[in-house]
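1. would you be able to build a 3D model of this:
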Amino acid sequence: AQARASLAIEKFAIEGFNVDGDESTVTMSLADRQGNPVPDGTAVNFVTEGGVMIPPVCTTGTGAAGNSQCTVKIRSQNPRPQTLTPRAGRVSILGYAAGEEDFNDRNFNNVHDAGETFTDLGTAFRDDNENNAFDNGAEFSVPRTGTTPASGDGVWGATDVRQQHIIIFATSAAVITPTTIATASVSFIVADGNGNSMPTGSVITVTAVDQTANSLSCGVVAGGTAVIPNTLDPFPWAASLKDCAAGDSVVIEVKTPKTNTVTSRTVPLS
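-> Predicted coordinates for the structure are as follows:
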C-alpha cells in the first residue's frame, strides 16, 4: 500500500559533485494495507537524476526472509545536476514497486467497496526540480497505460507505490560564511559550493589564534569541533571564546570524509 512505503537514505550528502565513486545506501521499506510484510521477492525499481543506482532493482527478503525491504546504493558519477532549480548538485531518487492505492475501509472488511474514498494516484514520476508537478518531456515517469502523472483514472486499484528522496552530490571545497564575529564567540554557516550541505560526516574544527599582546591566551572553550549531520542544507555552527581580544582570530577548517579535502578560513575578531 502507498501509505506504508518508505524510502531511507543512509547519507543525505556525499562528496560527489567533483569525485566519482562516493556512495550512499538507499533502502525501500514496504507493507500491505494492514501493516504486514509484503511477499519475499517483491521487486523495487530505482531511477535517479544523477549518478548510478547499484543495482537498479532489488527484491524484498534478500538476506533476511520476511524483512519487507530491500537495499541498493547510489554512486556518484556523471551526470551531475548542474541546473540552479532549485540548486545544482541536488539529485532526485525515485523508488517504486507494484502495489495498490490507499482507501478508507469504513466497514473494516479489508475490501474496497463502492463509495469508499481512496487516493487516486497518477503515474509515478521523478520530480527532479522539486516543484510537486510533472514537467512533461523533462522528467522521468513510469511507463503505464490508463493514467498520467497529473491524475489517476478515477477507479480504485493497482498502482506503483512510490517514494522520492533527494541526495546531495556535494563539492569537495566548502564555503564558510561568518554570521557573528566577536571576541566572545564566532558563528558561521558551512555550505558546499552550490549552497547545499557539505558531505555527511565532514568535520569542522575551530582554532583560536592569539595575535595580540594582551597577556591573555585566546582560546576556544566550546564548539571547537563538529560533524556535519544528515542534512540537505547548509550547517550553522558557533564556537565560544575566552580571553580573546580584537585583533585575535579564529581559523575554521572543514575536512571531507572521502578525500580529506580541507577548506580553511581565518576570521579576524573585532
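2. pass me the low-pLDDT residue ranges in the stretch 101-250 of the chain, would you?
-> Within the stretch 101-250 of the chain, the ranges that satisfy pLDDT under 70 run 146, 213-215.
3. so which residues of it form strands?
-> With DSSP state E, counting those that start in this stretch as the criterion, the stretch 101-250 of the chain has strands at 158-169, 174-181, 185-192, 203-209, 219-222, 225-227, 235-242, 249-255.
4. and those strands as TSV, adding distance to E23?
-> For every residue, glycine as well, the C-beta is placed using N, CA and C. Formatted as TSV, these follow (distance: least, C-beta to C-beta, whole Å):
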stretch	distance to E23
strand 158-169	10
strand 174-181	21
strand 185-192	18
strand 203-209	19
strand 219-222	34
strand 225-227	19
strand 235-242	21
strand 249-255	19
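5. out of these, which comes closest to Y96?
-> Closest approach to Y96 among the strands of the stretch 101-250 of the chain (C-beta to C-beta): strand 158-169, 4.1 Å.
6. can you point out the buried residues in the closest one?
-> Neighbour-count burial for strand 158-169 flags 159-169 (criterion: 16 or more other C-beta atoms under 10 Å).
7. can you tell me which of those residues is nearest D135?
-> Distances from D135 to these, taken by C-beta to C-beta, are shortest for Q164, at 14.2 Å.
8. what's opposite the residue nearest to that closest one when sequence neighbours are not counted in the beta bridge?
-> Take Q164 and drop its neighbours on the chain: the residue closest to it by C-beta to C-beta, 6 or more residues apart in numbering is L94, 5.0 Å away. For L94, the beta-bridge partners are V47, Q164 (DSSP bridges).
9. quick one: pLDDT of L94?
-> L94 carries a pLDDT score of 98 in this model.
10. what's around it, how many residues?
-> 25 (other C-beta atoms under 10 Å).
11. got the buried residues of strand 158-169 as CSV, with distance to R144 columns?
-> Below are the buried residues of strand 158-169 laid out as CSV (distance: C-beta to C-beta, whole Å):
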residue, distance to R144
T159, 9
D160, 7
V161, 13
R162, 11
Q163, 17
Q164, 17
H165, 22
I166, 24
I167, 26
I168, 30
F169, 29
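12. nearest to T42 among these?
-> Checking those against T42 with C-beta to C-beta, the nearest one is V161 at 10.3 Å.
13. and that closest one, what does it touch?
-> Contact analysis of V161 by C-beta atoms under 8 Å, 6 or more residues apart in numbering lists 1-2, 4-5, 30, 96-100.
14. picking that back up, how much space separates the residue nearest to Q164 from A31?
-> Going from L94 to A31 by C-beta to C-beta, to the nearest Å gives 19 Å.
15. thinking A65 is in contact with P37, fair?
-> No: the pair A65 / P37 is not scored as a contact, 9.4 Å apart, by C-beta atoms under 8 Å.
16. these two - which one has more neighbours?
-> Higher neighbour count among A65 and P37: P37, with 17 against 9, using other C-beta under 10 Å.
17. for that one, helix, strand, or coil?
-> Recorded secondary structure, P37: coil (DSSP: H, G, I helix; E, B strand; the rest coil).
18. quick one on the thing from earlier: closest one to T147 among the strands of the stretch 101-250 of the chain?
-> Distance to T147, taken as C-beta to C-beta, is lowest for strand 158-169 among these, at 8.0 Å.
19. so what touches stretch 122-132?
-> 47-49, 81, 83, 85-86, 90, 92-94, 96, 133-135, 138-142, 144, 147-152, 159-160, 162, 164, 166.
20. residues contacting A191?
-> Contacts of A191 were listed using C-beta under 8 Å, 6+ apart, and they are 174-175, 177, 197-198, 234-235.
21. I'd like to know which of those are buried.
-> Buried residues within the contacts of A191, counting neighbours by 16+ other C-beta under 10 Å: 174-175, 197-198, 234-235.
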